[in-house]
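Asker: pasting the sequence and the predicted model now:
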Amino acid sequence: LSLHDALPISILMYHFFYDSAAGGNEPDGNWVDTTTFDSHMKYLADNKYYFPTWDEVRQFVNGEISLPEKSIVITDDDGSSSFFSLAVPILAKYKIPATSFVITSWTDPKTIDTDTSIVTFMSHSHDMHQGGCEGGAGGLFRCLDYEDAMKDLENSKEIVGGGDVFCYPFGDYTDQSIQELKDAKFSLAVTTKYGKVTNETNPLLMPRIRISQSTNLESFIAAIE
C-alpha cells in the first residue's frame, strides 16, 4: 500500500460500564455491559487487530506512515471508576491497550490503582467538562477566554503527566479552541463526530466511533469494518 492509499483506522469511544450479571444496570445508553464489552475485545484479539500508539496515529494522520489494515484505538471518556474496575480487567485479559481521557478536576490519575501497561492517561480538560455556552452541545470550552482556556489545558496536562492528546469536552470546539490546543502543545485531539481517521484527517479534529449500550457484536463488527 502506498501512503496515499493508506486504509482508515477506527478510534472507538466508550464511556461507562456495568455488570448485569452482578445486578448492575445502565442509567443511559452510554453504559455498556461487561459481557458486551468482553465480546468486542475478544473479537479484536481473535481477529488480530493492531493497536497503534498515539505516536503511530500522529505519523499516520501526518501522512508519514501507513498502518496495518486492522488498526484500532480504544478510548474511554471521563475516567469513571466503572472503567477501571470493570473494563480494565477485560482489556488486560486480552492484552489490549486503551486510553482514559480523564477530567482532571474530578480524577487525578496518580490516585488510580490501575495497570499502566494497559491504560494511558490523556486530558479531557481540567474543569471544562461542563455547560455554560451557547452553541454546540453547550460546552464551556467554546466561550472561555484565551487565558482561562490555556490555564485549564496546561493544568490538566500537568496532572495527567504530560501527553499531547486531547478529548474535547462534549465534543465542542471552535477555531479558537483548536488554536489553544496548538499553543498548549497538543498534537492530536478527538471529537465526538462519527467516522474513521484517514491520512487526510485534521489531527486536532479526529472523529471516533461511539460505542453505546445497544452496540452488540454484530453492529460492532459492522462499525469497524
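Answerer: Cool, got the structure. Residues are numbered from 1 along each chain as shown.
Asker: so where's the chain shaky on pLDDT?
Answerer: Low-confidence regions of the chain, defined by pLDDT under 70, span residues 1-5.
Asker: can you give me the strands in this protein?
Answerer: Ranges of strands in the chain, per DSSP state E, are 10-14, 16-18, 31-33, 72-78, 98-102, 119-123, 165-167, 188-194, 206-210.
Asker: quick one: closest of those strands to C133.
Answerer: Shortest distance between C133 and the strands of the chain, using Cβ to Cβ, is found for strand 188-194: 15.5 Å. Bear in mind the C-beta positions are built from the backbone N, C-alpha and C, glycine included.
Asker: tell me which other helices or strands the closest one touches.
Answerer: Judged by 3 or more Cβ pairs under 8 Å, 6 or more residues apart in numbering; DSSP states H and E, the packing partners of strand 188-194 are strand 10-14, helix 54-61, strand 165-167, strand 206-210.
Asker: tell me the contacts of the most centrally placed residue in the chain?
Answerer: When the chain is reduced to its mean C-alpha position, the closest residue under Cα atoms, centre = their mean turns out to be T75, at 3.3 Å. With contacts defined as Cβ atoms under 8 Å, 6 or more residues apart in numbering, T75 is in contact with I11, L12, M13, Y14, A98, T99, S100, F101, C167, V190, R208.
Asker: now do the helices in this structure.
Answerer: For the chain, the helices defined by DSSP state H cover 34-46, 54-61, 81-82, 88-93, 146-160, 175-183, 217-224.
Asker: just name the most buried of the helices and strands packed on strand 188-194.
Answerer: strand 165-167 (a mean of 25; mean count of other Cβ atoms under 10 Å).
Asker: can you tell me the closest non-neighbouring residue to F60?
Answerer: L67 (5.3 Å; Cβ to Cβ, 6 or more residues apart in numbering).
Asker: over to S80?
Answerer: In space, not counting the residues next to it along the chain, S80 is nearest to F16; the distance is 5.2 Å by Cβ to Cβ, 6+ apart.
Asker: burial of that neighbour, as a residue count?
Answerer: By the criterion of other Cβ atoms under 10 Å, F16 has 20 neighbours.
Asker: likewise for the one 3 residues further on?
Answerer: For D19, the number of neighbouring residues by other Cβ under 10 Å comes to 15.
Asker: please tell me how far it sits from D113.
Answerer: 19 Å (Cβ to Cβ, to the nearest Å).
Asker: do S219 as well
Answerer: Going from S219 to D113 by Cβ to Cβ gives 33 Å.
Asker: ok, S105 next?
Answerer: Applying Cβ to Cβ, one obtains 20 Å for the distance of S105 from D113.
Asker: if anything else comes up later, I'll come back, but that's it for now.
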